[in-house]
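Novice: fold the following, please.
(2 chains)
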Amino acid sequence: NAGVTQTPKFQVLKTGQSMTLQCAQDMNHNSMYWYRQDPGMGLRLIYYSASEGTTDKGEVPNGYNVSRLNKREFSLRLESAAPSQTSVYFCASSEEGIWTEAFFGQGTRLTVV
Amino acid sequence: ELKVEQNPLFLSMQEGKNYTIYCNYSTTSDRLYWYRQDPGKSLESLFVLLSNGAVKQEGRLMASLDTKARLSTLHITAAVHDLSATYFCALTFGNEKLTFGTGTRLTIIP
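Specialist: A predicted model of the protein is given here:
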């Protein structure tokens, strides 16, 4: 059982480039989330999807877009990367409904130069 | 807006000692989580606390919740090196988004 799988694990982008972070879960969870983690700031919510077909903004959505492609997959897109988006990105999912116990992927370490 | 404060932010302790990490929060919460994160790794769920007075224990870790004081504690008993990690508390209330504390980086010294 793979749980939550994120790709890629590492990425370096130049300012202005675009990319999509992929996330898939095989636990049949309804809710999925994207967080970013920066030193000394804990985890901050970027976007979330309470169920298939819905997405909502979190605390820090600017510069990002998301797609809930189906129940399993929730992708995060950076349209024009900026150095301020250098961070570690985590995808998570939860089984019992929105904001219940979350299971996290391994993270994507993104550097924007 | 729910605010979460953890202290200390950094903790270095010797093996065999006991210590407590504190998680204070600003408004009502009905679900509190503790997570562990090893360096460069993902977050792992440790405990879910749902009601006032809830206490959960797993090995050398024990978490408790006092909703009246808006305080949760994570107590470490007779620390061992394997417990070195960063510990986060996270809370929500109703349909409000999950809010994380800034984390406590714990280092156990042999």
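Novice: tell me if the lowest-mean-pLDDT helix or strand in chain B is near chain A.
Specialist: Every helix and strand in chain B was compared by mean pLDDT, DSSP states H and E; the lowest is strand B:99-100, with a mean of 91. Yes. For strand B:99-100, a contact with chain A is found by CB under 8 Å from any CB of the partner chain, at B:F100. Bear in mind the C-beta positions are built from the backbone N, C-alpha and C, glycine included.
Novice: and the next helix or strand past that strand?
Specialist: Using DSSP states H and E, the helix or strand that follows strand B:99-100 in sequence is strand B:104-109.
Novice: before we move on, back to that, list of residues touching the least confident helix or strand of chain B?
Specialist: Strand B:99-100 is contacted from outside by A:42-44, B:2-4, B:25, B:88-92, using CB atoms under 8 Å, 6 or more residues apart in numbering or on different chains.
Novice: just the ones of those residues in helices?
Specialist: The subset of those located in helices under the criterion DSSP state H is empty.
Novice: one step back: partner strands of the least confident helix or strand of chain B, with direction?
Specialist: Within its sheet, strand B:99-100 is paired with strand B:85-92 (antiparallel), according to DSSP bridges.
Novice: who's in contact with the partner strand?
Specialist: A:42-43, A:99, B:2, B:4, B:6, B:21, B:23, B:25, B:29-39, B:43, B:46, B:72, B:74, B:98-101, B:103-106.
Novice: who in chain B is up against chain A?
Specialist: So far as CB under 8 Å from any CB goes, chain B lies against chain A at B:4, B:9, B:31, B:33, B:41-45, B:48, B:88, B:90, B:92, B:95-98, B:100-103.
Novice: how about low-confidence regions in chain A?
Specialist: A:1 (pLDDT under 70).
Novice: what parts of it come near chain B?
Specialist: A:33, A:40-45, A:48, A:58-59, A:90, A:92, A:98-107.
Novice: which of those residues are buried?
Specialist: Buried subset of the residues of chain A next to chain B (neighbour count, 16 or more other CB atoms under 10 Å in any protein chain shown): A:33, A:42-45, A:48, A:58, A:90, A:92, A:98-107.
Novice: for B:S64, which non-adjacent residue is closest in space?
Specialist: Excluding its sequence neighbours, the residue lying closest to B:S64 (CB to CB, 6 or more residues apart in numbering or on different chains) is B:V55, at 4.7 Å.
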